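Visitor: What follows is a predicted structure for the sequence shown.
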Amino acid sequence: MPQIIDGKQIAMQIKEELKERVARLKQEGKSVCLAVIQVGNDPASTVYVNGKKKDCAYIGIESRSYELPEETKEKELLALLDQLNHTEDVHGILVQLPLPSHMDESKVVKAIDPAKDVDGFHPVNIGKLCIGGDGFDCCTPAGVIQLLKRSGISIRGRECVVVGRSNNVGKPTALLLLRENGTVTIAHSQTKDLKEITKRADILVAAVGKPKFITKEYIKENAVVIDVGIHRNEDNVLCGDVDYDDVIEKVGAITPVPGGVGPMTRAMLMYNCVEAACK
Ligand SMILES: Nc1nc(=O)c2c([nH]1)NC[C@@H]1CN(c3ccc(C(=O)N[C@@H](CCC(=O)O)C(=O)O)cc3)C=[N+]21
């Protein structure tokens, strides 16, 4: 039987650890505060933002919400970020993505003080993730590493294939697997003979962005499959980039969707917030 990697449980374990850390900080008179900014009211974003606020409350992190209307000017958002950058008792700043199309996402991300960029999206933090250093690792990739480590799956020396090269997921996940001494291949939509490449993987990370794209023809017997995708169909049913039912008999271990990587993304955001407050 394959090992089903329970992201919800591992995320809870991390949250318990953080809760204790925050309690100890409070005894020293220190608080932890995350500013959460949402522009517009995309329903999916609202779900995610509420999840993050709930996590904050559970751990004892103060969350300050900024709900800005869809038509907010970029200049106004940048002014708010400048203000929060200079607010001493705000330790982390999260701008929920995607932003409305009239805003330049990369410009907005760059306006966050890297020391408060708990998403790990600022180029300074991506650079530190690449060369090593005391930056913030992107939450989803950091969550993938924690899932593997805490499930007793070793990365060192193993063939890791990441399918997808996005700036927020594919690329940083590959870099973190490399940091853990994996042998890493990044495959993508232009890769020739994709199945031949993915079949070499001891650890396969699916970050393709296409529902149920990875079927059993893509995987080696007993491979570890980490599904970073999240898709919602018309009936509000979630699925990932991996065709779970198709691959389940063949894999050695797999993350479900929901209940796999998603909760870990949130847990690592909380981890970065606590780290931000400690720095
Ligand atoms: N600045 C920013 N930072 C982000 O980290 C960020 C973002 N913008 N924009 C959107 C994506 C997406 N994302 C998810 C987080 C948690 C779950 C999650 O908890 N998923 C649950 C299911 C939740 C549900 O029912 O929808 C699960 O997989 O079990 C999913 C997706 C963070 N993102």
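Guide: Sure, I can see it.
Visitor: For Pro172, report the pLDDT, please.
Guide: Model confidence at Pro172, given as pLDDT, is 98.
Visitor: is it true that it touches Phe136?
Guide: No: applying CB atoms under 8 Å as the test, Pro172 and Phe136 come out as separate, 10.8 Å apart. C-betas here are computed from N, CA, C, even on glycine.
Visitor: mind checking which helix or strand the single nearest residue of the chain relative to the ligand is in?
Guide: Nearest residue of the chain to the ligand (CB to the nearest ligand atom) works out as Gly262 at 2.2 Å. Using DSSP states H and E, Gly262 sits in helix 261-278.
Visitor: now for that helix, which elements pack on it?
Guide: When contacts are defined as 3 or more CB pairs under 8 Å, 6 or more residues apart in numbering; DSSP states H and E, helix 261-278 sits against helix 7-27, helix 43-59, strand 92-95, helix 139-150.
Visitor: Can you add mean neighbour count and give those back as JSON lines?
Guide: Formatted as JSON lines, these follow (neighbours: other CB atoms under 10 Å):
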{"stretch": "helix 7-27", "mean neighbour count": "16"}
{"stretch": "helix 43-59", "mean neighbour count": "16"}
{"stretch": "strand 92-95", "mean neighbour count": "26"}
{"stretch": "helix 139-150", "mean neighbour count": "23"}
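Visitor: Run through the residues of this structure sitting next to the ligand.
Guide: 47-48, 51, 94-97, 119, 139, 230, 257-259, 262-263, 265-266 (CB under 6 Å from any ligand atom).
Visitor: Helices of the protein, start to end?
Guide: Taking DSSP state H as the test, the helices found in the chain are 7-27, 43-59, 74-85, 105-110, 123-131, 139-150, 170-179, 194-198, 244-247, 261-278.
Visitor: so which of those gets nearest Arg158?
Guide: helix 170-179 (8.9 Å; CB to CB).
Visitor: on contacts alone, who are the packing partners of the closest one?
Guide: Helices and strands touching helix 170-179, by 3+ CB pairs under 8 Å, 6+ apart, are helix 123-131, helix 139-150, strand 159-163, strand 183-187, strand 203-206.
Visitor: quick revisit: can I get the helices and strands packed on helix 261-278 in JSON lines including distance to Leu178?
Guide: Formatted as JSON lines, these follow (distance: least, CB to CB, whole Å):
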{"stretch": "helix 7-27", "distance to Leu178": "22"}
{"stretch": "helix 43-59", "distance to Leu178": "28"}
{"stretch": "strand 92-95", "distance to Leu178": "26"}
{"stretch": "helix 139-150", "distance to Leu178": "11"}
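Visitor: Could you export these as a markdown table, including mean pLDDT?
Guide: Output for the helices and strands packed on helix 261-278, formatted as a markdown table (pLDDT from 0 to 100):
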| stretch | mean pLDDT |
| --- | --- |
| helix 7-27 | 98 |
| helix 43-59 | 96 |
| strand 92-95 | 98 |
| helix 139-150 | 98 |
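Visitor: Lys220: which of those is closest?
Guide: So among the helices and strands packed on helix 261-278, helix 139-150 is nearest, using CB to CB, at 16.6 Å.
Visitor: Could you tell me the angle between the closest one and helix 261-278?
Guide: 100 degrees (axes from the mean of the first three to the mean of the last three CA atoms, to 10 degrees).
Visitor: Identify all contacting residues around helix 139-150.
Guide: For helix 139-150, contacts defined as CB atoms under 8 Å, 6 or more residues apart in numbering pick out 5, 7, 10-11, 13-14, 118-120, 154-155, 168-169, 172-173, 175-177, 180, 203, 205, 224, 226, 228, 255, 260-261, 264-269, 271-272.
Visitor: Whichever of the residues you listed count as buried, I'd like them selected in ChimeraX; how would that read?
Guide: Command for ChimeraX, covering only those of these found buried under the criterion 16 or more other CB atoms under 10 Å:
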select :5,7,10,11,14,118,119,120,155,168,169,172,173,175,176,177,180,203,205,224,226,228,255,260,261,264,265,266,267,268,269,271,272
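Visitor: Perfect, that will be all.
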